[in-house]
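In: here is my input; please provide its structure:
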Amino acid sequence: MNKVYLIGNLTRDPELSETNSGVAVCRFGIAVSRRFTQGGDAERQTDFFNCTAWRGLAENVARFCKKGNKVAVAGSIQIRNFEDNAGQKRTYVDIVCDDVEFLTPKGSNADSDDYSAPAPAAKKKPALEAFDDDSDIPF
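Out: Here you go, the predicted structure:
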């Protein structure tokens with residue numbers, strides 16, 4: 001079974017594009033802090049992952065996320081081997097996202113464009129009027 005779950009912060013703004021056939025694809029990176037430090041006073045180490053989301057999920061990630069946002073990613077690991085222009089063998093590891101949960105609260109980024117419509121103003125309830133019950137009721 002190839003399944004991975006990661007929680008981290010976006011390292012860059014998501015990049016939304018389309019394939020030649022018009023399918024939306026979004027690429028972004030996340031930084032995930034390791035659980036433990038190496039040694040007593042050492043800094044916590046961080047791992048960096050490249051992620052890819054497709055179709056509607058890609059559009060949502062591009063619309064609602066930006067650099068620094070915390071996300072939870074569920075997906076699978078995809079490894080591709082290729083040769084670069086210099087003839088060197090390279091390996092590219094990518095997380096193909098099945099689900100992305102947005103963990104940064106909506107109002108926490110003051111400099112961001114608010115990614116949801118503002119809450120509608122509370123409607124004031126009309127004042128109740130006195131009801132005259134002295135009319136003739138046919139039943």
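
In: from here on, contacts and neighbour counts on C-alpha atoms
Out: OK.

In: which one is Asp84 nearest to, not counting chain neighbours?
Out: Arg90 (6.8 Å; CA to CA, 6 or more residues apart in numbering).

In: now whichever strand or helix holds the one you found: buried residues?
Out: Element membership for Arg90 (DSSP states H and E) is strand 89-102. By 16 or more other CA atoms under 10 Å, the buried positions in strand 89-102 come out as 94-97, 100, 102.

In: closest to Cys51 among the residues you listed?
Out: Nearest to Cys51 among the buried residues of strand 89-102 is Ile95, at 4.6 Å by CA to CA.

In: do a quick rundown of the helices in the protein.
Out: 55-64 (DSSP state H).

In: the residue positioned nearest the centre of the chain pairs with what?
Out: The residue lying closest to the centre of the chain (CA atoms, centre = their mean) is Phe102, at 4.1 Å. Beta bridges link Phe102 to Val71, judged by DSSP bridges.

In: what's it in contact with, if anything?
Out: By CA atoms under 8 Å, 6 or more residues apart in numbering, the contact set of Phe102 is 64-65, 69-72.

In: show the buried residues in the residues you listed.
Out: 65, 69-71.

In: ok, of those residues, which one's closest to Phe36?
Out: Lys70 (19.3 Å).

In: let me know the angle separating the helix or strand of the chain with the lowest mean pLDDT from strand 89-102.
Out: In the chain, no helix or strand scores lower on mean pLDDT, DSSP states H and E than strand 24-37, which sits at a mean of 91. Inter-element angle recorded for strand 24-37 and strand 89-102: 90 degrees (by axes from the mean of the first three to the mean of the last three CA atoms, to 10 degrees).
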